[in-house]
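Q: sequence and predicted structure are below.
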Amino acid sequence: QVQVVESGGGLVQPGGSLRLSCAASGFSLDYYAIGWFRQAPGKEREGVSCIRSSGGKIYYADSADSVKGRFTISRDNAKNTVYLQMNSLKPEDTAVYYCAASRSCGARIDYWGQGTQVTVSS
């Protein structure tokens, strides 16, 4: 089955860290860009960051001011997995986080994950 699956979400206190994983099955991530997106309650989904097949990284304008310097995207093609390291978490980072595979950052999404909940609260 071709899919991407997120994991690593949970409840964390403000200032804490989480590392989200996006694992691909049924296809190789080598030739895909992987983006992380998030949707907070009552808000539209926004882009967080994307990593190209070449390893180049971008932050989406939607959230760049908020996450740059705190969130880092990386990939391990040997494990067919992309990560989102989130540090210095804030309550406003609370959202369902999704990963998605596309041929390039900003292109049509080929595969969406089911999402993982991140809750930042004391």
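A: Cool, got the structure.
Q: give me the pLDDT for A95.
A: Confidence at A95, expressed as pLDDT, is 98.
Q: show me what contacts it?
A: Residues near A95 by C-beta atoms under 8 Å, 6 or more residues apart in numbering: 38-41, 43, 118. (Glycine included, C-beta is placed from N, CA and C.)
Q: what's the answer for C50, then?
A: 33-36, 57-58, 60, 73, 105-106.
Q: quick check: closest non-adjacent residue to S7.
A: S21 (5.0 Å; C-beta to C-beta, 6 or more residues apart in numbering).
Q: assumed that neighbour was part of a strand.
A: Yes: per DSSP: H, G, I helix; E, B strand; the rest coil, S21 lies within a strand segment.
Q: for it, grab the count of nearby residues.
A: As a burial measure, S21 scores 17 neighbours (other C-beta atoms under 10 Å).
Q: identify the bridge partners of it.
A: S7, Y83 (DSSP bridges).
Q: could you measure it against Q117, distance?
A: Counting by C-beta to C-beta, to the nearest Å, the gap between S21 and Q117 amounts to 14 Å.
Q: can you pick out the most distant pair from the contacts of A95?
A: Pairwise distances across the contacts of A95 (C-beta to C-beta) peak at 13.9 Å, for the pair K43 and V118.
Q: of these two, who's got more company?
A: Neighbours per residue (other C-beta under 10 Å) separate K43 from V118, with V118 holding more: 22 against 9.
Q: quick one: least confident helix or strand in this protein?
A: Taking mean pLDDT, DSSP states H and E as the measure, the chain has helix 64-67 as its least confident helix or strand, at a mean of 90.
Q: cool, thanks, talk later.
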